[in-house]
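How does the following fold in three dimensions:
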Amino acid sequence: MAKFLADQASQFTVQLGSGNDRILQPSYDVFAQDSFRWKPNFTINIGLRYTWNATPSEARNRFTNFDPATGGLIPASQPYQQNNLLFQPRIGFAWDPGNNGKMSIRAAYALMTQDPTTNIVSLMSGNPPFALPISANSSTNSITAENPSAAVVGTSLGPTAIAPNFADMYAQDWNLSIQGQLSATLGLEVAYVGTKGTHLQLIQNVNQPFVNNGLFESTRPYPTLPASSQIIPAQCLAPNPACSYGTINLYNSTGNSNYNALWVTATKHMSHGLSFIASYTFSKSLDYNSLSTGETYFLQNSYNPRGDYGPSEFDARHRFVLSGFYQLPFQGNRLVSGWQLGIVTQAQSGNPLNPTLIIGPGPGISLTVRPDIIGTIVTTGNPAQWFANKSAFVSPCTPAVPPSKLPTCHLGDLGRDSIIGPDFVNTDFSITKDTKITERFNLQFRSEFFDIFNHPNFGDPVLNVTSASFGEILSTRFPTGDFGSSRQVQFSLKLLF
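The predicted model follows:
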């Protein structure tokens, strides 16, 4: 806020030109599946799908790619390799070991491929010559909103690139479950579920300053657009100075993920007026970057993506859900009969937090990294200050001595998503009254209480280490009016006929 009021910014970007496109993406699938009963109590399911996904193209050939081999811009009618060997087998079985319908053992495995994501190729029409993205960075926040173009020295390009060997993402799913009948109305299921994601989309800044022995250098691999580039904007030709390169985001498919979970579910069918489903999940999800959830923080070190391997942004280690209904046993006149109570409650552990800060290891270079930790991280549960010791988070840069020199910056040693944020707890409650008026007409009254205990579900704290508000929680998990945000009560009257 202080920087905003002082009209000081660290980055300015603008795009000259529209960068409109019309993407063509044919895709063809063929599949076969069958199930057969090997024995009276053993059924097998098998299937095979084959997918041919064409590489997305632009109808007017308005794609431009960055070529890491030459450092220049090249036309790219089809920006990456064809993915056409996409065989996806599936197999599973269901077994009733007692052959009496009281127990079922199931297992399955499937390999599934995702269609190409057109949003990554659509960004390529924003590259020169059809559009010209210009950016400026300042580690000293010297860019002003009044006249940001004053910070642009010459023209700085930030093209979007796609790796030529980009491959479609695929996931391997497997599970094993045992379901048994404990009584005439009570069932229990225990399951193990696993998923392995391969060729997940990652974004790497291939023009990140070199990293040597863990230290950031002040030079980049691609300082300027070379004169040998097949595509050169007019702003980059003489007598103008050569266009410099800023951040160059390369989309590739080198990411991986894995998810493993234990599920336990108890089901109570309606008897004596009561029915419920209770489930508990113990799980862990790991990846390089949770881009699919909107995670905006990219790799700390583009030269070592595995250094960001850690809990997924959406990881929740423990989750419990209970839903049930109870028909009150009162019988008699229309006033006392027809009452029903309902409840849906859930509780889950918090999602990971990823504190960051911006450093400037070189002139015009601005990088988002994680901090160093110089003590034990202690969380308080207090929204006014989530971290008990903010001083444990420090910049990974050593101030320059003398000040005329550049600071020495290294990779932050805090692991990605290694801190757990606020828990989530919510209970919804309902009271329903059905009143039979005639054989055809039924009057239903409902009163529903969302977040009946008005339990505060906090959002994430401010995670910018250099902010004066670092560690403070400034909002709830969801906007007011949404699920789990605050107690809300509603009444309804319905005539059924």
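
mean confidence for stretch 474-492?
Mean pLDDT, computed over stretch 474-492, is 88.

Please save the CA atoms from it in CSV.
Only the C-alpha atoms of stretch 474-492 are listed here, as CSV (Å, rounded to 0.1, in the frame of the first residue of the first chain):
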residue,chain,number,x,y,z
LEU,A,474,-7.3,-9.9,5.8
SER,A,475,-10.2,-11.9,4.5
THR,A,476,-12.3,-15.0,5.0
ARG,A,477,-11.7,-18.1,2.9
PHE,A,478,-14.7,-17.3,0.7
PRO,A,479,-16.6,-14.1,0.0
THR,A,480,-19.6,-13.4,2.2
GLY,A,481,-22.6,-15.1,0.9
ASP,A,482,-20.7,-18.1,-0.4
PHE,A,483,-20.5,-21.6,1.1
GLY,A,484,-18.7,-21.6,4.5
SER,A,485,-18.4,-17.8,4.8
SER,A,486,-20.9,-17.0,7.6
ARG,A,487,-24.1,-18.0,9.3
GLN,A,488,-27.0,-17.7,6.9
VAL,A,489,-30.6,-18.7,7.6
GLN,A,490,-33.4,-19.1,5.1
PHE,A,491,-37.0,-20.4,5.2
SER,A,492,-39.1,-21.8,2.5
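
Quick check: buried residues in that stretch?
Of the residues in stretch 474-492, 476-477, 484-486, 488 count as buried by neighbour count, 16 or more other CB atoms under 10 Å. For every residue, glycine as well, the C-beta is placed using N, CA and C.

ok, residues contacting that stretch?
Stretch 474-492 is contacted by residues 422, 424, 426, 445-454, 456-459, 461-462 when judged by CB atoms under 8 Å, 6 or more residues apart in numbering.

redo that, cut-off 7 Å
The contact list for stretch 474-492 (CB atoms under 7 Å, 6 or more residues apart in numbering) reads 424, 426, 446-452, 454, 456-459, 462.

Looking at the buried residues of stretch 474-492, spot the one nearest residue 224.
Nearest to residue 224 among the buried residues of stretch 474-492, counting by CB to CB, is residue 477 at 45.6 Å.

coming back round to it: let me have the buried residues of stretch 474-492 in a markdown table, adding secondary structure and distance to residue 159 as columns.
Supplementary listing: those in a markdown table, determined by DSSP: H, G, I helix; E, B strand; the rest coil; distance: CB to CB, whole Å:
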| residue | secondary structure | distance to residue 159 |
| --- | --- | --- |
| 476 | strand | 39 |
| 477 | coil | 37 |
| 484 | coil | 42 |
| 485 | coil | 41 |
| 486 | coil | 45 |
| 488 | strand | 48 |
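
Please identify which two of these are farthest apart in space.
It's 477 and 488 that sit farthest apart of the buried residues of stretch 474-492, by CB to CB, at 15.0 Å.

Sheet-wise, list the partners of the helix or strand harbouring residue 263 with their directions.
According to DSSP states H and E, residue 263 maps onto strand 249-271. According to DSSP bridges, strand 249-271 has the following sheet partners: strand 160-162 (parallel), strand 186-205 (antiparallel), strand 274-287 (antiparallel).

Now do the longest one, average pLDDT.
Regarding strand 186-205, the rounded mean pLDDT is 94.

now do the first one
Strand 160-162 shows a mean pLDDT of 90.

Next: stretch 92-102.
Per-residue pLDDT over stretch 92-102 has a mean of 94.

list the buried ones in that stretch?
Buried positions in stretch 92-102, judged by neighbour count with 16+ other CB under 10 Å: 92, 94-96.

re earlier: tell me which of the contacts of stretch 474-492 fall in helices.
Applying DSSP state H to the contacts of stretch 474-492, no entry is found in helices.

From these, pick the one nearest residue 300.
Closest approach between those and residue 300, by CB to CB: residue 462, at 19.3 Å.

In strands, which of the buried residues of stretch 92-102 appear?
Counted as lying in strands by DSSP state E, out of these, are 92, 94-95.

ok, back up a step: I'd like to know which of the buried residues of stretch 474-492 is nearest to residue 59.
For the buried residues of stretch 474-492, the closest approach to residue 59 (CB to CB) belongs to residue 477, at 42.9 Å.

Quick check: the gap between that closest one and residue 427.
Taking CB to CB, to the nearest Å as the measure, residue 477 falls 15 Å from residue 427.

Same check on residue 146?
Separation of residue 146 from residue 427 (CB to CB) stands at 51 Å.

Neighbour count: the two, which is higher?
Neighbour count, other CB atoms under 10 Å: between residue 146 and residue 427, residue 427 has more, with 18 against 7.

which residues touch the more buried one?
By CB under 7 Å, 6+ apart, the contact set of residue 427 is 343, 345, 451-453.

Going by neighbour count, which of those residues are buried?
Counted by 16+ other CB under 10 Å, these give 343, 345, 451-452 as buried.

Now these in TSV, please, with extra columns for pLDDT and distance to residue 310.
Output for the buried ones among the contacts of residue 427, formatted as TSV (pLDDT from 0 to 100; distance: CB to CB, whole Å):
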residue	pLDDT	distance to residue 310
343	96	36
345	96	30
451	93	31
452	95	36
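
Tell me which of these fall in strands.
343, 345.

for the chain, where's the lowest mean pLDDT among helices and strands?
Least confident helix or strand of the chain, by mean pLDDT, DSSP states H and E, is strand 132-137 with a mean of 71.

Check which element follows that one along the chain.
Assigned by DSSP H and E, the successor of strand 132-137 is strand 156-157.

contact partners of that following strand?
With CB under 7 Å, 6+ apart as the test, strand 156-157 has contacts from 133-136, 225, 243-246.

Average pLDDT for that strand, rounded please.
Averaged across strand 156-157, pLDDT comes to 82.

Stretch 229-246 too?
86.

That one: how far from the chain's middle?
Computed by CA atoms, centre = their mean, to the nearest Å, the separation of stretch 229-246 from the middle of its chain amounts to 36 Å.

Mind putting the strands paired with strand 249-271 into JSON lines with distance to residue 86?
Output for these, formatted as JSON lines (distance: least, CB to CB, whole Å):
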{"stretch": "strand 160-162", "distance to residue 86": "19"}
{"stretch": "strand 186-205", "distance to residue 86": "11"}
{"stretch": "strand 274-287", "distance to residue 86": "22"}
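
Apart from its neighbours in sequence, what residue is nearest residue 58?
Leaving aside its sequence neighbours, residue 58 sits nearest to residue 21 (CB to CB, 6 or more residues apart in numbering; 5.1 Å).

in terms of contact, does that neighbour touch residue 125 like I think?
Yes - the criterion here is CB atoms under 7 Å, and residue 21 meets it with residue 125 at 3.8 Å.
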